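> the following comprises the amino acid sequence and a computationally predicted model.
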Amino acid sequence: IKKEQVENRIEWNLKHFDLERDEVKQRLYAVDFLNEDQDISEDRVDEVFWNIAKEKKIKFLRLQFTDIFGQMKNIAITENMFEKVLTDGQMFDGSSIEGFVRIDESDMYLKPDLDTFTILPWKEGTARVICDVYGADKVTPFTGDPRHVLRSVIKEAADMGYSINVGPECEFFLFKLDEQGRATTKTNDAVGYFDIGPADDGEQCRNDICIALQQMDYEIEASHHECAEGQHEIDFKFAEALEAADKVVTFKHVVKTYARRNGLHATFMPKPLYGAAGNGMHTNLSLMKDGKNAFYDPDDKYGLSETAYQFIAGVLHHIKAITCVANPLVNSYKRLVPGFEAPVTVGYATSNRSAVIRIPAYAKTPELRRFEIRNPDATCNPYLCYAAILMAGLDGVKNKIDPHANGWGPYDMNLYTLPEEEKAKLKSLPTTLDA
C-alpha cells in the first residue's frame, strides 16, 4: 500500500475507533525496517486494523453482500475468526442465494472490503463490512456479484478517463403495526409535504435514523416529510458510484431497523397506497474527468457540456432496458403514472418533473451541474441500476448520440397538461415489465 493509502486507513481508524494518530502510526511502523517514507504491505495494515477492532470490543462482524435483487444478506463471525476471514475469506453456499450459481457450483467465498467497515450503532459490540464475492478458487471474482458488475463498469469509465458521482434520494413510507407486530397499510400520520411535528408523527423516527447514519459516516443533507401521508425522505451527500450503491443498501437496512425500534414498519415499495404519491429513488449524476465536472459548460444555455448531452442521450436511448433494472416490480409501474410527480415521458427538461431526466435549475455552478434520472425506485438493486445507467451514458458519449436530433427535449412545460394530440407525439416510459 502506498503512503497516501496508509494515510487513508489511518483516517479510517481515527474516525471509527477514537484513536490518536501517533498510536496508529506506531502500530503500523513497528517493524524495524519500515519507516514512514516507505510503502507498507497491505497484510500488515489489515492485521493492525483487525487487532484494533478486537481491542475495541468488536465481538461480532457481519459480512454483508446482496443477491441479484439487491436484498442484503449476511453471515456473522466472532472475533476469533477475524484474521482467518481476512486472509482466506468466508465460504458460503452460493446455490442458496438468488441469482448466483447452481448446486454443483455452490462453494463461494466472501472477501471483506475494509473501506466499508462501520460499527452498527444499535448493536453493542457489532460491526459490519460489505464483501465482494469470489469463486471456489478464492481468486476469481464472481461475475454475477452485483458489486462486481458495477466495479467492471466503473473500470470501463476509468479507462475513458471518467469517474461518476451519484446522489440518490430515497423515499419511504412508515406504517403502523397491528397487535401481533405485523405491518399494516395505516400510516402513522395524516400530514403532507414539509409538514412539522407534532402532527408529523414520523419526525422522531427520522431523527433517530439520521443520527444513526451520521454515526456510520453518512453526511446528511436534509430530512423531511414527503407529499403523501406517512411518506418521508432523507437525503445524504453524493459519492462515487460504488460507495453510493453501498450506502443505498445500508440506508434501507438502517431505515427498517429504526422504524421497527419506533414501533413502525418502513417500506420502500414504489406504490403502497392507491391515489397517493409513490416512493422513488431519484438519482443525481455527474461525470468527472481530470478532477473537473465533465458535464459543465458555462457557454451553454443550460450549463451543460457536449459530453453531458451525449450521456443524457445514451440514457434516453437505452431507457427501456434501464427501466427493467431500475423498476423491477409489477408495483413499480403503478408509480409511473401521470399526476403524482412521477416521470412518464422519455426526454429531458429543466426543473420539470414530468420528464424522466431533469436538469436542476438551481445547480448551475461547475461543482453542482448535474442531471437527475427520476424513474428508479429503491426496490431495485442499486449496483445493477447504477451500472446500467453508467453503461448507457457511456454508450451515448462513445457514439456521440444527440438528444435533440432524436426529439428528446428539452421539454420545458408541464407535460401532463399538453393537448392529447401533442401528448401522442411523445415517447413514454414502459407501463409494465412486459413493455
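Ah, there it is. Remember, predicted model here, so these are calculated numbers, not experimental data.

> for E156, which three-state class applies?
At E156, secondary structure determined by DSSP: H, G, I helix; E, B strand; the rest coil is helix.

> how much space between it and A127?
32 Å (C-beta to C-beta, to the nearest Å). Using the backbone N, CA and C atoms, a C-beta is placed for each residue, glycine as well.

> and if you look at L304?
For L304, the distance to A127 - C-beta to C-beta - is 42 Å.

> neighbour count: those two, which is higher?
L304 (21 against 17; other C-beta atoms under 10 Å).

> I figured the more buried one hits R369, correct?
Yes: in this structure L304 lies within contact range of R369 using C-beta atoms under 8 Å: 7.0 Å.

> which residues do the two both contact?
F295, Y296 (C-beta atoms under 8 Å, 6 or more residues apart in numbering).

> how many neighbours does the nearest residue to P298 once chain neighbours are set aside have?
Distances taken as C-beta to C-beta, 6 or more residues apart in numbering put P366 closest to P298, at 7.8 Å, once the chain neighbours are dropped. When neighbours are counted by other C-beta under 10 Å, P366 registers 13.

> distance of P366 from A349?
22 Å.

> show me where the stretch 101-250 of the chain has strands.
107-112, 118-119, 126-134, 163-177, 183-187, 220-225, 231-236, 239-240 (DSSP state E, counting those that start in this stretch).

> can I get the third one in CSV? Just the C-alpha atoms.
Spelled out, that is strand 126-134. This file holds the C-alpha atoms of strand 126-134, laid out as CSV (Å, rounded to 0.1, in the frame of the first residue of the first chain):
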residue,chain,number,x,y,z
THR,A,126,-21.1,-5.4,16.4
ALA,A,127,-19.7,-4.1,13.2
ARG,A,128,-20.3,-4.8,9.6
VAL,A,129,-18.3,-4.9,6.4
ILE,A,130,-19.5,-5.3,2.8
CYS,A,131,-17.9,-8.1,0.9
ASP,A,132,-17.0,-9.0,-2.7
VAL,A,133,-18.0,-12.5,-3.9
TYR,A,134,-15.3,-14.9,-5.3
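
> what sits up against that strand?
53, 58-65, 74, 76, 89-90, 94, 100, 108-114, 116-120, 140-142, 144-145, 147-148, 151, 246, 249-250.

> between the two ends of stretch 355-371, what distance do you get?
12 Å (C-alpha to C-alpha, to the nearest Å).

> list the buried ones in it?
Under the neighbour-count criterion of 16 or more other C-beta atoms under 10 Å, stretch 355-371 has A355, V356, I357, R358, I359, A363, R369, R370, F371 buried.

> what do you get for stretch 309-326?
309-319, 322-323, 325-326.

> low-confidence bits of the stretch 301-435 of the chain, can you list those?
For the stretch 301-435 of the chain, the stretches flagged by pLDDT under 70 are 416, 435.

> what residue lies at the spatial centre of the protein?
With distances taken as C-alpha atoms, centre = their mean, the chain has A245 as the residue nearest its mean C-alpha position (2.9 Å).

> list the contacts for the closest residue to it other than its chain neighbours?
With C-beta to C-beta, 6+ apart as the criterion, A245 has its nearest non-adjacent residue at 4.1 Å, and that residue is P382. Shown in contact with P382 (C-beta under 8 Å, 6+ apart): G70, P168, A244, A245, V248, V249, M281.

> and the residues you listed, which of them are in helices?
Counting by DSSP state H, those place A244, A245, V248, V249 in helices.

> shaky segments in the stretch 51-200 of the chain?
For the stretch 51-200 of the chain (pLDDT under 70), the answer is none.

> and the helices in it?
For the stretch 51-200 of the chain, the helices defined by DSSP state H, counting those that start in this stretch cover 82-88, 146-159.

> with distance to T267 added, can I get those in JSON lines?
Compiled in JSON lines, these are given as follows (distance: least, C-beta to C-beta, whole Å):
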{"stretch": "helix 82-88", "distance to T267": "33"}
{"stretch": "helix 146-159", "distance to T267": "22"}
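
> so which of those helices is the most surrounded?
Highest mean neighbour count among the helices of the stretch 51-200 of the chain (mean count of other C-beta atoms under 10 Å): helix 146-159, with a mean of 18.

> quick check: angle from that helix to strand 126-134?
70 degrees (axes from the mean of the first three to the mean of the last three C-alpha atoms, to 10 degrees).

> which elements pack onto helix 146-159?
When contacts are defined as 3 or more C-beta pairs under 8 Å, 6 or more residues apart in numbering; DSSP states H and E, helix 146-159 packs onto strand 60-66, strand 126-134, strand 163-177, helix 241-261, helix 382-398.

> out of the ones you listed, deepest packed?
helix 382-398 (a mean of 24).

> that helix vs helix 241-261, what angle?
150 degrees.

> only alpha carbons, please: show the helix or strand that helix 382-398 is followed by as PDB.
Using DSSP states H and E, the helix or strand that follows helix 382-398 in sequence is helix 420-423. Output in PDB follows, covering the C-alpha atoms of helix 420-423 (Å, rounded to 0.1, in the frame of the first residue of the first chain):
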ATOM      1  CA  GLU A 420     -53.800  15.000 -26.400                       C
ATOM      2  CA  GLU A 421     -52.600  15.400 -30.000                       C
ATOM      3  CA  GLU A 422     -49.300  16.800 -28.600                       C
ATOM      4  CA  LYS A 423     -49.000  14.000 -26.000                       C
END
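
> coming back round to it: and the gap between the residue nearest to A245 and V325?
From P382 to V325 the distance is 10 Å (C-beta to C-beta).
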